[in-house]
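Enquirer: coords please:
(one chain, ligands or ions: 2)
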Amino acid sequence: MNQLDHPQAIRDLVRPDQVHKQLYLSEQLFDLEQRHFFGNTWNYAGHASQIPQAGDYITFDLAGQPLLVLRDHEGAVRVFFNRCAHKGAQLFTSESGNTGGRFLRCPYHAWTYRMDGSLLAYPLKAGYECSGLAGSEASHGLVPVPGLQVYRDFIFVRLSRGGIAFDDYFGPMRSAIDNMVDRSPSGELRVEGGVLRNTIHCNWKFYLENINDPVHPVTVHESAVRAAQAVWQPAVADTPQPMSVEQILPFGAKYEFFHGMGGQVYPNGHSVSGTHFSIHSGYGELGDYARDLEAALGQERARQVLEQSPQNAVLYPSLALKGSPQTIRVIRPVAVDRTVIEAWNFRTVGAPELLLERALAYSRLAFSPMSFVAHDDVHLFESQQRGLRSRGSDWVSLHREFSADEPDQPNQATSGTSEWLIRNQYRAWVRFMTEGMASE
Ligand code: FES
Ligand SMILES: [Fe+2]
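Expert: Numbers count the residues shown, from 1 in each chain. Ligands and ions are numbered 1, 2, ... in the order given. Model prediction:
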C-alpha cells in the first residue's frame, strides 16, 4: 500500500480554498485516480453517430482500460472491455471500423463472439471437452462495462460495478446536452470533420480547470487578439466580420465582461460558465435558422435554446461542451504529466451549413495545436507542471471569491470569474476518489 492509499490521505490534499500540488505531480496519486476516481465517475465514450451501422465500432482507452464501443444488429450500443476472453488480445486495434458481419472474431486464435459478447465458437472444440473451460470465466465471453448510458446519442460509461446512477450523477447537467441537440430542428447531431487530437505534457486537471477560468484570456490570449485586431481593418464601414475575426476578437473582452457572464456549479463537479452570455453570444444570425427552429420546438423553447450560449458546460470530468459553435472537447488522462485532448465537431442536422463551418472554424482557431489560442494555454499548463515541482509552496490557491459557507451549497449561481467552479471540481474529486476506495 502506498502512503496515499487511504481516504484520509486524499481528504488532506484538498482544502476548501486550495489544493495540494501532489494532485498534479504524484504518480502514485495518478494510479489511484485511474482506479478509483475514473472507475467511479461517468465518463464520455463517444457519440452514437460515429457508429451508425450495425457492426460499426470505435475503440478508445479510459483510465488505462481498452474499451470497444459497438452497434449491434438490433441497433443498440454496447460497450465491452476490449480483451478477448481467451488470452487477452484486443478484438480490434484500429480506432474505428466495422466487424464485417454478425460476429466478432479475435485475430489471434479465432474465438468468435456474438454481438452481445457471449462466446459463440472456438476452433478445436473437442480439445476443450472436460477441460474445465465451460466453468471458467473465459466461457462467459466478452465482459461488458458495468455502467452504460446513451443520453440523446452521447455515450457514457462507468467502469465500477457499484456507484452512482447516471441520472443522479449528471442531474441538471443533462440540459447542457439538450441545449446542443435541440439546436437541430430534427433533434439530431452528427460528428463530422474528424477529430483534432493533441497530446499535452501536463496533468489533466490543469486543462479542466482552465475551461472554468475566464480570467486568463485577458493575459494569455492578448497577443492573438492584438494580431486579429491588426489584421481586421475593414476598408468599408459595416463590412461583416469574417468568421475567424468574429470568433477571435471576443477573447479580448475585459474582466468586467467575464465577471458579468455568470457561472453555475452543480453537484458532482459539473458547471456552466457563461450562464447569462459569453464570448459566443455575439455570433451573427444564420438566415432562416431561428424560424426553422421555432417551427420545430415552438417559439419559447427555440428562444431558450438560442439564448443559452455558455462559454463552457463541463460534464465532469471528461467532457466540455460549447453549445453555440457546436463543438466538444474530451479530456483523456494518459499519465500524471500527459493528457490527450480531443476536439470533435457536430453537424447540426437541419441547420444551415454555416453552423458546421462555424464549429470547424472554431476548433481550428481555438483548439488545434496549430491554433491562435490553444498553444498559449498549453504553454501555461506545461509551465505549471514544471513550476509546481519547485520547492515553493506546496499549495495551489483557489481563493478567488471564496466564502466559508460555500461548501454547503452544491447547486449555486455565481459570478463568471469566481474560482468556485474549480473548487467545485475538487470537492467532487475527493468524493469520488474516497467512495471508490471505500467500495473496494
Ligand atoms: S487471444 Fe483471442 S482467440 Fe486467443
Ligand atoms: Fe485559453
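Enquirer: residue in the stretch 301-440 of the chain nearest to ligand 1?
Expert: Using CB to the nearest ligand atom, Val334 is the residue of the stretch 301-440 of the chain that sits closest to ligand 1, at 25.1 Å. To be clear about C-beta, it is placed using only N, CA and C from the backbone, and glycine gets the same treatment.
Enquirer: Sticking with that residue, tell me its helix or strand.
Expert: Per DSSP states H and E, Val334 falls inside strand 327-335.
Enquirer: Residues of the protein that sit close to ligand 1?
Expert: Cys84, His86, Lys87, Ala89, Cys106, Tyr108, His109, Trp111 (CB under 6 Å from any ligand atom).
Enquirer: Which single one of these is nearest to Pro146?
Expert: Taking CB to CB as the measure, Cys84 is the one of these closest to Pro146, at 19.2 Å.
Enquirer: For that closest one, which residues are in contact?
Expert: Gln90, Leu91, Cys106, Tyr108, Trp111, Leu142 (CB atoms under 8 Å, 6 or more residues apart in numbering).
Enquirer: quick one: the last one from Gln53, how far?
Expert: It refers to Leu142. 20 Å (CB to CB, to the nearest Å).
Enquirer: quick one: which of those two has more around it?
Expert: Neighbour totals were compared for Leu142 and Gln53, and Leu142 leads with 24 against 9 (other CB atoms under 10 Å).
Enquirer: Which pLDDT value belongs to the residue lying closest to the more buried one once chain neighbours are set aside?
Expert: What sits nearest to Leu142 in space, not counting adjacent residues and going by CB to CB, 6 or more residues apart in numbering, is Gly117, at 3.5 Å. The model reports Gly117 with a pLDDT of 98.
Enquirer: right, and Gly117 touches Arg78 too?
Expert: Yes: using CB atoms under 8 Å, Gly117 is in contact with Arg78, at 7.0 Å.
Enquirer: Strands of the stretch 301-440 of the chain, start to end?
Expert: 312-315, 319-322, 327-335, 338-348, 395-397, 412-414 (DSSP state E, counting those that start in this stretch).
Enquirer: which of the residues of the chain next to ligand 1 count as buried?
Expert: Cys84, Cys106, Trp111 (16 or more other CB atoms under 10 Å).
Enquirer: any idea which of those is the one closest to Phe402?
Expert: Cys84 (50.5 Å).
Enquirer: rewinding a little: tell me the SS of the residue nearest to Leu142?
Expert: Under DSSP: H, G, I helix; E, B strand; the rest coil, Gly117 falls in the coil class.
Enquirer: since we're on the closest residue to Gly147 other than its chain neighbours, how many residues are nearby?
Expert: Once flanking residues are discounted, Gly147 sits nearest to Arg158: 2.9 Å by CB to CB, 6+ apart. Neighbour count of Arg158, defined by other CB under 10 Å: 23.
Enquirer: again with the one 4 residues further on
Expert: Residues contacting Gly162 under the criterion other CB under 10 Å number 13.
Enquirer: With Gln299 instead?
Expert: Count around Gln299 with other CB under 10 Å applied: 11.
Enquirer: same deal with the one 5 residues further on?
Expert: Gln304 has 15 neighbouring residues, counting by other CB under 10 Å.
Enquirer: Pull the contacting residues for the residue nearest to the spatial centre of the chain.
Expert: Among the residues of the chain, the one closest to the centroid is Leu319, at 1.5 Å (CA atoms, centre = their mean). Neighbouring residues of Leu319 by CB under 8 Å, 6+ apart: Asn43, Tyr44, Phe154, Ile328, Arg329, Val330, Ile331.
Enquirer: What of Thr348?
Expert: Going by CB under 8 Å, 6+ apart, Thr348 touches Arg183, Ser184, Leu189, Gln326, Leu355, Leu356.
Enquirer: ok, 10 Å please
Expert: 180-186, 188-190, 192, 286, 289, 293, 326, 355-356, 358-359 (CB atoms under 10 Å, 6 or more residues apart in numbering).
Enquirer: do the same with Gly436
Expert: Gly436 neighbours (CB under 10 Å, 6+ apart): 7, 10, 32-33, 35-41, 159-160, 162-163.
Enquirer: Only the buried subset of these, as a PyMOL command please.
Expert: Burial among those is assessed by 16+ other CB under 10 Å; the matching PyMOL selection reads:
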select buried, resi 10+32+33+35+36+37+38+39+40+41+159+160+163
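Enquirer: Tell me the one among the contacts of Gly436 nearest to His379.
Expert: Among those, and counting by CB to CB, the member closest to His379 is Glu33, at 24.7 Å.
Enquirer: Which helix in this protein has the most residues?
Expert: Longest helix in the chain, counting residues (DSSP state H): helix 420-438.
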